[in-house]
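J.: After the sequence you'll find the predicted model.
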Number of protein chains: 2
Amino acid sequence: MFNSEDKSYPIELVADFLGVNSRTLYYYEKFSLVVPFRRGRKRYYSKQDIRWLEYVRELMYDQGMNLRSIIVLIRRRDDVILGKCPGEVVDCFKNYLMKLKNHN
Amino acid sequence: MFNSEDKSYPIELVADFLGVNSRTLYYYEKFSLVVPFRRGRKRYYSKQDIRWLEYVRELMYDQGMNLRSIIVLIRRRDDVILGKCPGEVVDCFKNYLMKLKNHN
DNA sequence: AAACATTTTTCACTTAAAGTGAAAAATTCG
DNA sequence: CGAATTTTTCACTTTAAGTGAAAAATGTTT
């Protein structure tokens, strides 16, 4: 599961994997914290998306950070997240940086 | 008010100045987010303490960050806060860094 | 020391963000 | 088409952050 780089996964599967409700992922999307690829209305999460979400969950659950703080850090293009971020997540982070630019 | 560097101020005055309840400052102290000087039981906030608190308030109120996030950032000794921090606050920040070390 | 004011502490309450449950509406796909 | 899946909406729960009120402790003045 989540093996080949190019695959993508439906929301229920990702939510289960992360141990959250799928509504939570919709909720995150409202803040552009994650923006899955869409074919029609249906969402598809890339492997990168999933790694990014894992990292976000760690910051929130393990460390007690809130959504807003993560968005602030993204906006500041700061090393806090990037620096201590597992390598592969960085690209994804930069992705959301761009997507966040013209939003809110 | 808050002019000479060496002066210190009682909690009510500082709370008024910051526009918060003094209980909030007690609350912050539980997390070592600010640790005023004490003579006996009475607390005295230095000018540095006050500048630091102003900065914390900005992060929380204007930006929507939460207490936990600020503590995480302090613990990580990160540039996020330090970098964009008004110059004089930096020393104070380092102060709290030390105080936080052997706590929680 | 007594009496009064100030500060600290505790308890219970309010508020707002984060997250969830359930069900209706919309969409996908065999 | 028709069943199954996905999306959306609404209202609810939970928790961190903050506050009000009052009791307890401390400080201060006479």
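T.: Yep, it's here. Residues are numbered from 1 along each chain as shown, chains lettered A, B, ... in the order given.
J.: alpha carbons only for contacts and neighbour counts from here, please
T.: Will do.
J.: Which residue ranges of chain A form helices?
T.: For chain A, the helices defined by DSSP state H cover A:11-18, A:22-30, A:47-57, A:67-75, A:79-83, A:89-101.
J.: Go through those helices and find the least confident stretch.
T.: The minimum mean pLDDT among the helices of chain A belongs to helix A:79-83 (a mean of 60).
J.: quick one on the thing from earlier: any idea which of the helices of chain A gets closest to residue B:92?
T.: If you check each of these against residue B:92 by Cα to Cα, helix A:79-83 wins as the nearest, at 19.9 Å.
J.: Whether the longest strand anywhere in chain A contacts DNA strand C - can you check?
T.: For chain A, the longest strand by residue count, based on DSSP state E, is strand A:42-46. Yes: using Cα under 7 Å from any atom of the strand, strand A:42-46 reaches DNA strand C at residue A:42.
J.: Tell me which of the helices of chain A sits nearest to residue B:50.
T.: The stretch from the helices of chain A with the least distance to residue B:50 (Cα to Cα) is helix A:67-75; that distance is 22.4 Å.
J.: And that closest one, how far out from the chain middle?
T.: The chain centre lies 12 Å from the centre of helix A:67-75; the measure is Cα atoms, centre = their mean, to the nearest Å.
J.: ok so, going back, quick one: average pLDDT of the longest strand of chain A?
T.: Mean pLDDT, strand A:42-46: 95.
J.: That strand and DNA strand D in contact?
T.: Yes: shown here: strand A:42-46 in contact with DNA strand D (Cα under 7 Å from any atom of the strand) through A:42, A:43.
J.: Next, the angle from that strand to helix A:47-57.
T.: Angle, strand A:42-46 to helix A:47-57, by axes from the mean of the first three to the mean of the last three Cα atoms, to 10 degrees: 80 degrees.
J.: Adding mean neighbour count and distance to DNA strand D, write the helices of chain A out as JSON lines.
T.: Converted to JSON lines, the helices of chain A look like this (neighbours: other Cα atoms under 10 Å in any protein chain shown; distance: least, Cα to the nearest atom of the strand, whole Å):
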{"stretch": "helix A:11-18", "mean neighbour count": "16", "distance to DNA strand D": "5"}
{"stretch": "helix A:22-30", "mean neighbour count": "14", "distance to DNA strand D": "6"}
{"stretch": "helix A:47-57", "mean neighbour count": "20", "distance to DNA strand D": "15"}
{"stretch": "helix A:67-75", "mean neighbour count": "19", "distance to DNA strand D": "11"}
{"stretch": "helix A:79-83", "mean neighbour count": "17", "distance to DNA strand D": "18"}
{"stretch": "helix A:89-101", "mean neighbour count": "16", "distance to DNA strand D": "17"}
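J.: out of those, nearest to chain B?
T.: Chain B sits nearest to helix A:67-75 of all those, at 4.6 Å, using Cα to the nearest Cα.
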